[in-house]
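Asker: Let's see this in three dimensions:
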Amino acid sequence: MISLNIFSKCPHMGNPKTRLKDFLTKDERTFITKYMLTNILNEVSQLNDEVMITLWIYPNIDHPWLHELKAKYKFNLKKQIGSSLCERMNNCLSFESSKHNQTILIGSDIPSLSKSIIMDAIHILSNKDIVIGPSLDGGFYLIGVNRLFKDTIDCTKPINILNLKKNITSQRKSIGLLRALKDIDTPEDLLII
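Answerer: Down below sits the predicted model:
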């Protein structure tokens with residue numbers, strides 16, 4: 001069984017997309033977060049039964065909208081655990097990879113992330129220790145591990161593709177890369193998707 005994990009802030013309670021607050025109202029940021037999360041759930045729901053989907057939400061999972069989504073898309077719903085995004089990502093990867101041979105973690109704000117790209121990541125993990133989907137802004141939209149890993153992401157450094165690659169190669173792990181995609185963080189990211 002492959003563990004596919006989606007990270008998102010709660011659209012209603014997590015103050016999503018704060019870097020867009022000077023450009024969009026809170027209601028607009030809630031709308032775009034809900035739209036992108038629904039979009040990615042539509043894509044991953046097309047994956048086969050060998051993929052177990054979990055939506056990890058920050059700061060909590062109590063909003064009724066999340067439970068409506070869970071009923072519609074049939075995924076597991078969990079609260080992100082940790083004091084920073086890096087710590088929460090490492091906790092998810094460590095927990096899920098202790099139970100599954102392949103664990104993939106994706107963001108929810110990548111409009112062009114598709115089922116076929118996730119299938120490419122699964123294929124890469126059959127030959128590599130780790131797969132990374134770099135984002136055009138220097139970050140990454142996907143990280144996948146092939147067996148148990150702890151502290152895959154170095155939380156003492158900024159979370160970006162260069163630091164991630166350095167940390168992985170220092171552990172003598174092999175890396176496969178997916179094509180770079182755009183995530184939605186700034187007003188400029190909304191202009192061309």
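Asker: any idea where the helices of this protein begin and end?
Answerer: Listed in chain order, the helices of the chain (DSSP state H) span 26-44, 64-73, 85-97, 115-124, 161-170.
Asker: And the first one, what's buried?
Answerer: In other words, helix 26-44. Arg29, Thr30, Ile32, Thr33, Lys34, Met36, Leu37, Ile40, Leu41, Glu43, Val44 (16 or more other Cβ atoms under 10 Å). Quick note: C-beta positions are derived from backbone N, CA and C, even for glycine.
Asker: got it, and the fourth one?
Answerer: Counting neighbours by 16+ other Cβ under 10 Å, one finds that the buried residues in helix 115-124 are Ile117, Ile118, Asp120, Ala121, Ile122, Ile124.
Asker: how far off helix 26-44 does it point, in degrees?
Answerer: Interaxial angle of helix 115-124 relative to helix 26-44 (axes from the mean of the first three to the mean of the last three Cα atoms, to 10 degrees): 60 degrees.
Asker: just how off-centre is helix 115-124 within its chain?
Answerer: Put simply, helix 115-124 sits 14 Å off its chain's centre (Cα atoms, centre = their mean, to the nearest Å).
Asker: would you put the C-alpha positions of that helix in PDB?
Answerer: In PDB, the C-alpha atoms belonging to helix 115-124 read as follows (Å, rounded to 0.1, in the frame of the first residue of the first chain):
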ATOM      1  CA  LYS A 115      -2.700  12.000 -11.300                       C
ATOM      2  CA  SER A 116       0.000  11.200 -13.900                       C
ATOM      3  CA  ILE A 117       2.700  13.200 -12.100                       C
ATOM      4  CA  ILE A 118       1.800  11.300  -8.900                       C
ATOM      5  CA  MET A 119       2.100   8.100 -10.800                       C
ATOM      6  CA  ASP A 120       5.500   9.200 -12.100                       C
ATOM      7  CA  ALA A 121       6.600   9.800  -8.500                       C
ATOM      8  CA  ILE A 122       5.400   6.300  -7.500                       C
ATOM      9  CA  HIS A 123       7.400   4.800 -10.500                       C
ATOM     10  CA  ILE A 124      10.500   6.700  -9.500                       C
END
